[in-house]
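Q: build me a model from this:
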Amino acid sequence: MPTTPRFGAGLWHFATYVDRYAVDGYGEPRSTLEQIALAGTVEDLSVVDVPYPFTPGVTVQQVQQALADAGLECIGVTPEIYLREFGKGAFTNPDPAVRQATQVLLGEACDVVRQLGAEYVKVWPGQDGWDYPFQVNHHDLWQLAVDGIRQIATANPDLRFVIEYKPREPRVKMTWDSAARTILGIQQTGCDNVGVLLDFGHSLYGGESPADAAQLLIDHGLLWGMDVNDNLRGWDDDLMVGSVHLTEIFEYFYTLRINGWEGVWQLDQFPFREDTVETARASIRLLKALHRALDTLDVPALQAAQARQDAVAAQRLVQDALLSCMGGD
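A: Below is the predicted model of the structure:
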């Protein structure tokens, strides 16, 4: 029987947030160190993904100590190549100086990964893409995107890089927008140290089946990390896991289970108005319940139903497992 998974979270889960209506935020700002301390109060949390640069004045040595004090490890470092200075793109910016600045920031993040003993650099090029028809030359834009990944990956062959794809936001259309397109791009880089971090919510509102996307990535040996959350499928709402699409998140974890994928089950949620710690606890409670449900699921019967494409029989088996899994933490 598979062991209980490790649970993680993006450190931003424990930040405070702004939007275009509450520009002064939904709480007082928290430093990187304060976010780590909060994350450490979530009993089942063992790893965090840390954004870089840290908040002003915080050093990598302080982050190391804060993680140790909180009983946490760093699984990945996410360089912030998606902020205002990269508004016209990071890898795909028309200005070569900005593209070079992207590589410099990524190089710094690589050093932080080494110092923190993390598993990967997470690349989320949210500003790479376009907003209007005719705004870009699609051939040239794609070439810049692929070349940018190739450049940082070949310069750091000792590290792993994971691309987190997303259909849109902040650009109206992002360059790395789907599992299939990301697989093609990675193949074009020719680099064996580049994989994918699959965000369940990004897959949902991109029109994919997250379980199908996970299987496709696994079949290509490229599912190296994952984030879980939920949304109403029209936007990247980053709601609590299972709060909307309970059956689809169960199919997603079932797909990981039958393929022997045993990476970290990691939260990528934005609790704007909720208590960040209690939101993490509630989400991990559900993840543990889903793990128990996988243990009770009659897999041979389910696979027999799938061989017949018997939707009714499959749903009954899934419902039996899901409805019996709650009741313990």
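
Q: which stretches of the protein form helices?
A: 32-39, 60-70, 96-116, 138-155, 179-189, 200-205, 210-219, 246-258, 276-296, 299-307, 311-323 (DSSP state H).

Q: most tightly packed of the ones you listed?
A: helix 200-205 (a mean of 25; mean count of other CB atoms under 10 Å). The C-beta positions use only the backbone N, C-alpha and C, and glycine is treated the same way.

Q: so where is this protein shaky, pLDDT-wise?
A: Along the chain, the parts satisfying pLDDT under 70 run over 1, 326-329.

Q: of all residues in it, which one is nearest the centre?
A: By CA atoms, centre = their mean, the chain has its centre lying nearest to D227, at 3.6 Å.

Q: now do the contacts for that residue.
A: For D227, the contact set (CB atoms under 8 Å, 6 or more residues apart in numbering) comprises G10, E164, L197, L198, D199, F200, G201, Q266, L267, D268.

Q: same thing but at 6 Å, please
A: D199, Q266, D268 (CB atoms under 6 Å, 6 or more residues apart in numbering).

Q: please report phi then psi for the residue nearest to it when sequence neighbours are not counted.
A: Leaving out its chain neighbours, the residue that sits closest to D227 by CB to CB, 6 or more residues apart in numbering is D268, at 3.5 Å. Dihedral pair for D268: phi -130, psi 80, per degrees, to the nearest 10.

Q: surely D268 and N231 touch.
A: No: between D268 and N231 there is no contact under CB atoms under 6 Å: 10.9 Å.

Q: of these two, which one has the most company?
A: D268 (23 against 18; other CB atoms under 10 Å).

Q: verify the contact between D49 and A9 for me.
A: No: D49 is beyond contact range of A9, at 7.4 Å (criterion: CB under 6 Å).

Q: quick one: which of these two has more around it?
A: Neighbours were counted for D49 and for A9 using other CB under 10 Å; A9 has more, 30 against 27.

Q: wait, what's in contact with the more buried one?
A: Contacts of A9 by CB under 6 Å, 6+ apart are L45, V48, L267, A280.

Q: what does V113 give?
A: V113 neighbours (CB under 6 Å, 6+ apart): V77, V121, L159.

Q: that one and W176, how far apart?
A: 20 Å (CB to CB, to the nearest Å).

Q: just Y52 next, same as before
A: Relative to W176, and taking CB to CB, Y52 is found at 19 Å.

Q: if you count surrounding residues, which of the two has more?
A: W176 (26 against 23).

Q: what's the neighbour count on the closest residue to the more buried one other than its chain neighbours?
A: Using CB to CB, 6+ apart and skipping residues adjacent in sequence, the residue nearest W176 is Y165, 4.4 Å away. Y165 has 27 neighbours, counted by other CB under 10 Å.

Q: what lies in contact with stretch 38-52?
A: By CB under 6 Å, 6+ apart, the list of residues contacting stretch 38-52 reads 6-11, 14, 70-80, 109, 112, 264, 277, 280-281, 284.

Q: stretch 189-196 too?
A: Here stretch 189-196 has contacts from 146, 149-150, 153, 160-163, 182, 186, 217, 222, 224, using CB under 6 Å, 6+ apart.

Q: alpha carbons only: can I get it in CSV?
A: Listed next in CSV are the C-alpha coordinates belonging to stretch 189-196 (Å, rounded to 0.1, in the frame of the first residue of the first chain):
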residue,chain,number,x,y,z
THR,A,189,14.6,22.3,-26.0
GLY,A,190,16.4,19.0,-26.2
CYS,A,191,17.1,19.3,-22.4
ASP,A,192,16.6,16.3,-20.1
ASN,A,193,16.5,18.4,-16.9
VAL,A,194,13.2,20.2,-17.8
GLY,A,195,9.8,18.8,-16.8
VAL,A,196,6.3,20.0,-15.8
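
Q: buried ones in that stretch?
A: Residues T189, C191, N193, V194, G195, V196 are the ones in stretch 189-196 that count as buried (16 or more other CB atoms under 10 Å).
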